[in-house]
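> have a look; sequence and predicted model below, questions after that.
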Amino acid sequence: MKKILLFIFLLSCEDRLAPTDCAGIVGGNTLYDNCGVCDSDQSNDNTTCSQDCRGIWGGEAIIDECGICNGLDNNDNDMCDYHCFECTKDDYTNSVSCEDDDGEWLLNQAIQDECGVCNGLDNNNNGECDYDCSSCNVENITDYVYCTESGGNWIQSIELWGECYDINNTEALDLSNSNLEGIIPANIGKLINLTTLNLSSNELSGYIPSEIGNLINLQELRLSENNLTDTIPNELWNLINLTNLNLSYNELSGGLGSQISNLTSLAKLTLTDNQFNGSIPPEICILTTLTELRLANNNFFEEIPSEIGNLNSLTVLELSNNQLSGIIPEGICNGDQTPALLGNKLCPPYPECLSTDDLGIQDTINCD
């Protein structure tokens, strides 16, 4: 009898020690599959449900229209139309932050470089941040912190017509004949070390931004052969280092003003073929460094300044096809040049230094 009781006791202990499966059967082999289903058929564990884009079996996350797993762009308009972006398309946390901040999410296929900068420059794969980092957004503090904390050198840049330009090291910008359209961006005035800016022969329109007056190191400014309108901004007369200013073949208007006398280094002034009007300011005759003065084909009126003879270094003087009137100053031929004066309203007697070709046809109907 004691042996029977001991056998039953041992069986009971074995039952307590045996594991229970998900169905509650002691020693059973039924398991929860990846979909959370308890069954004994393990051959269908990966087929009874599927993984979502996050790799979760039975999950509901899908790839949105920006290609982002569990992203925000699910309005079914067949385009990615959010406007926040990150380097990694799986950065769901930032996409949520984007929406919380009333932003719109946009997938960016860029990658982080070895300085930790999104779409940065350090991609030589040597495991170190050893390149200058840059961002077109000069206020991009996030990129700045990544770059500097990783030992990189930060370059402040701006974007102009789809390209980044280093604020501190860009000294010459020649985009002539580049099919540029639209207005001249105001942030061009941040390239404070520019000495040459040539945007000629494009399709630029609108006014000349006043911010160009911030380019105090500029020596050459060429905006000719565009569709620029309005007046010359007063700030442009702050460019005291200019030696060459060419605004010809535009639709600029208004007068020049006395502040032109600030340009004491100017050698070439070309304003041909615009709609400038008013009198030629006598202050222009203070610019004794001038070698070329081209004001033809405008609407300048009144008399030629008598001080024009002070410009002894002139080799080119073009005043043709304006509305200039009165007597021609005797000193007009003081420079080493032959003035072009045809198509005005200038009155005789004319200085002996001028030929018939120089004068052309003058409208003298209002001459005494």
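Done, it's in. Numbering: from 1, shown residues only.

> what's the longest strand in this protein?
Using DSSP state E, we find that the single longest strand of the chain is strand 153-160.

> check the burial of residue 325 by counting its neighbours.
By the criterion of other CB atoms under 10 Å, residue 325 has 18 neighbours. Using the backbone N, CA and C atoms, a C-beta is placed for each residue, glycine as well.

> can you classify it as helix, strand or coil?
strand (DSSP: H, G, I helix; E, B strand; the rest coil).

> what sits closest to it if chain neighbours are left out?
Once flanking residues are discounted, residue 325 sits nearest to residue 345: 4.1 Å by CB to CB, 6 or more residues apart in numbering.

> quick check, pLDDT for the one you found.
On pLDDT, residue 345 comes in at 95.

> and what of residue 366?
For residue 366, pLDDT reads 88.

> contact partners for the residue lying closest to residue 195 once chain neighbours are set aside?
Residue nearest to residue 195 in three dimensions, not counting chain neighbours: residue 219, with 4.8 Å by CB to CB, 6+ apart. By CB atoms under 8 Å, 6 or more residues apart in numbering, the contact list for residue 219 reads 195-196, 241-244, 265.

> for PyMOL, what selects the buried ones among those?
To isolate the buried members of those in PyMOL, using 16 or more other CB atoms under 10 Å:
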select buried, resi 241+242+243+244
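
> pull the most distant pair out of the contacts of residue 219.
Across the contacts of residue 219, the longest distance by CB to CB is 14.2 Å; it joins 196 and 265.

> find the nearest non-adjacent residue to residue 202, please.
residue 180 (4.0 Å).

> what count of nearby residues applies to the residue nearest to residue 325?
Count around residue 345 with other CB under 10 Å applied: 16.

> got any ranges where the stretch 101-250 of the chain has weak pLDDT?
For the stretch 101-250 of the chain, applying pLDDT under 70 flags the ranges 101-124, 128-133, 135, 137-143, 146, 149-151.

> any idea how far residue 186 lies from residue 196?
Here the distance between residue 186 and residue 196 works out to 19 Å (CB to CB, to the nearest Å).

> surely residue 305 touches residue 281?
Yes: under the criterion of CB atoms under 8 Å, residue 305 makes contact with residue 281 at 7.5 Å.

> tell me the strands beside the longest strand of the chain, with direction?
If you go by DSSP bridges, strand 153-160 pairs up with strand 132-135 (parallel), strand 163-166 (antiparallel).

> put the alpha carbons of that strand into CSV.
Extracted C-alpha coordinates of strand 153-160, given in CSV (Å, rounded to 0.1, in the frame of the first residue of the first chain):
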residue,chain,number,x,y,z
ASN,A,153,34.8,73.0,-39.6
TRP,A,154,31.6,74.9,-40.1
ILE,A,155,31.0,76.9,-43.3
GLN,A,156,28.1,79.3,-43.5
SER,A,157,26.5,79.1,-46.9
ILE,A,158,23.6,80.5,-48.8
GLU,A,159,21.6,79.1,-51.7
LEU,A,160,21.4,81.0,-54.9
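
> buried ones in that strand, by neighbour count?
For strand 153-160, a neighbour-count test (16+ other CB under 10 Å) marks 154-158, 160 as buried.

> next, give phi and psi for the residue nearest to residue 325.
Backbone torsions of residue 345, given as degrees, to the nearest 10, read phi -130, psi 40.

> that one against residue 362, yeah?
Yes: here residue 345 reaches residue 362: they are 6.4 Å apart, a contact under CB under 8 Å.

> so what's in contact with the two at the same time?
Overlap of the contact sets of residue 345 and residue 362 (by CB under 8 Å, 6+ apart) is empty.

> thinking again about what came up before, who are the contact partners of the residue nearest to residue 202?
161, 199, 202-204.

> now residue 274
Here residue 274 is in contact with 247-253, 297-298 (criterion: CB under 8 Å, 6+ apart).

> and it, how close does it get to residue 21?
Counting by CB to CB, the gap from residue 274 to residue 21 is 91 Å.

> and the helices in the protein, which stretches?
2-17, 92-100, 141-149, 356-359 (DSSP state H).

> so what touches the shortest one?
Residues from elsewhere that reach helix 356-359 (CB under 8 Å, 6+ apart): 338-342, 346, 350.

> only the buried residues of that helix, if you could.
For helix 356-359, burial by neighbour count (16+ other CB under 10 Å) applies to 358-359.

> ok, stretch 195-206 next?
For stretch 195-206, the neighbour count (16+ other CB under 10 Å) marks 197-202, 204 as buried.

> other residues contacting it?
Outside stretch 195-206, the residues that touch it by CB under 8 Å, 6+ apart are 171-184, 188, 212, 215, 217-230, 241, 246.

> so which of those belong to strands?
Judged by DSSP E, the subset of the contacts of stretch 195-206 located in strands is 172-174, 181-182, 220-222, 227-230, 246.

> would you mind listing which of the residues you listed are buried?
Neighbour counting with 16+ other CB under 10 Å marks 173, 220-222, 228, 246 as buried within the ones in strands among the contacts of stretch 195-206.

> can you add distance to residue 270 and give the residues you listed back as TSV?
Listed next are these as TSV, based on distance: CB to CB, whole Å:
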residue	distance to residue 270
173	19
220	11
221	11
222	9
228	14
246	4
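
> just the closest of those to residue 269, please.
In terms of CB to CB, no member of those lies closer to residue 269 than residue 246, at 8.2 Å.

> that closest one and residue 273 touch, don't they?
No: taking contacts as CB under 8 Å, residue 246 lies outside contact range of residue 273: 11.2 Å.

> any weak-confidence spans in the stretch 251-368 of the chain?
By pLDDT under 70, the weakly predicted segments of the stretch 251-368 of the chain are 336.
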